[in-house]
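Colleague: generate coordinates for the sequence data below:
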Amino acid sequence: MFLSSHESGVDAKKRVSIPASFRRALAGEDSVFVWPSLDKNCLEGGGDRLVARFQNAIMRLKPMDQRREALSYAIFGRGRSYKFDDGGRIVMDAELLDFAGITDKALFVGLGDRFQIWAPQDHQPRLSELQNLARDSMDLLDPFDDEPEALHPR
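Modeller: So this is what the prediction gives:
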């Protein structure tokens, strides 16, 4: 799982270090897939398992459905697969960095099955918004709903 948040520098060659814990979450994969977010001013990324899940979801749409093409283009057509160098870095495309407004620093935010990459200054307003929504959504969580009733009687 992609957990926590990590800030990383972006050098003049557009190299950025993927956090070590994120590389471990990729379970031995030697690359990462990154695409522009569909609804936020950031990048999203993950490994082969996540990409396969997106592909399966998109393939369930009717072949001639224009939304299928739009989603395929937005994720697969605009996304990039990056191989790690020996230091765990990737060289990002200027187009993706520009999309997210990332210049010299990148903030990696773990979301469990995927992660986001933000320009640090753009993430703070989003974080405040999400914290409020999470507080209003606490009733949706029951971390014990899959355990036997005997372990936690109600």
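Colleague: what's in contact with the helix or strand residue 23 falls within?
Modeller: Assignment of secondary structure by DSSP states H and E places residue 23 within helix 20-25. With contacts defined as CB atoms under 8 Å, 6 or more residues apart in numbering, helix 20-25 is touched by 1-4, 6, 32, 47, 84, 88, 108, 110, 115. Where you see a C-beta, it was placed from the backbone N, CA and C, and this is true even at glycine.
Colleague: ok, the residues you listed vs residue 134, which is closest?
Modeller: The nearest member of those to residue 134, counting by CB to CB, is residue 110 at 14.8 Å.
Colleague: ok, which stretches of the chain are strands?
Modeller: Per DSSP state E, the chain carries strands over the ranges 5-9, 15-17, 31-36, 43-46, 80-83, 89-91, 105-110, 115-118.
Colleague: residue 66 is nearest to which of those strands?
Modeller: strand 31-36 (19.1 Å).
Colleague: please enumerate the helices of this structure.
Modeller: Assigned by DSSP state H, the helices in the chain fall at 20-25, 48-59, 66-72, 94-100, 120-136.
Colleague: quick check: bridge partners of the spatially most central residue of the chain?
Modeller: Residue closest to the average C-alpha location in the chain (CA atoms, centre = their mean): residue 115, at 2.6 Å. Counting by DSSP bridges, residue 115 is bridged to residue 45, residue 110.
Colleague: let me know the pLDDT of it.
Modeller: Per-residue pLDDT puts residue 115 at 98.
Colleague: could you do the one 10 residues further on as well?
Modeller: For residue 125, the model assigns a pLDDT of 85.
Colleague: repeat that for the one 3 residues further on.
Modeller: Here the pLDDT value assigned to residue 128 is 85.
Colleague: quick check: it vs residue 13, distance?
Modeller: Residue 128 is 33 Å from residue 13, where distance means CB to CB, to the nearest Å.
Colleague: could you redo the helices of the chain as a markdown table and give each row mean neighbour count and distance to residue 144?
Modeller: As requested, the helices of the chain are exported to a markdown table (neighbours: other CB atoms under 10 Å; distance: least, CB to CB, whole Å):
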| stretch | mean neighbour count | distance to residue 144 |
| --- | --- | --- |
| helix 20-25 | 16 | 25 |
| helix 48-59 | 14 | 26 |
| helix 66-72 | 14 | 35 |
| helix 94-100 | 15 | 37 |
| helix 120-136 | 12 | 19 |
